[in-house]
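Q: the following comprises the amino acid sequence and a computationally predicted model.
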Amino acid sequence: MGQGAFLMRRLENVRGEFSLTALAYNMRRPISLVGVPGLIAAARAKNGPFAPQ
């Protein structure tokens, strides 16, 4: 993820910082694979991975 050191102190804050880093990585990855229009189309698809059940 390219993070060399944490900016926060204390374990609770470091966990939060790492969670934000992981979230950003996990959001960036599909955007780079399928692009923003592809993600929007998948979210709106009737039987897509984000379809309401």
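A: In hand now; what should we look at?

Q: how much space between residue 9 and residue 15?
A: Distance from residue 9 to residue 15, counting by Cβ to Cβ, to the nearest Å: 12 Å. Every residue, glycine included, has its C-beta placed from N, CA and C.

Q: between those two, who's got more neighbours?
A: Neighbour totals were compared for residue 9 and residue 15, and residue 15 leads with 12 against 8 (other Cβ atoms under 10 Å).

Q: look up phi and psi at that one.
A: phi -60, psi -40 (degrees, to the nearest 10).

Q: same question, residue 7
A: Torsion angles, degrees, to the nearest 10, at residue 7: phi -90, psi -20.

Q: with adjacent residues omitted, what lies nearest to it?
A: Distances taken as Cβ to Cβ, 6 or more residues apart in numbering place residue 17 nearest to residue 7, at 6.5 Å, with adjacent residues excluded.

Q: same question for residue 31.
A: residue 39 (6.5 Å).

Q: residues near the one you found, how many?
A: Residue 39 has 16 nearby residues by other Cβ under 10 Å.

Q: any weak-confidence spans in this protein?
A: Along the chain, segments meeting pLDDT under 70 span 1-4, 46-53.
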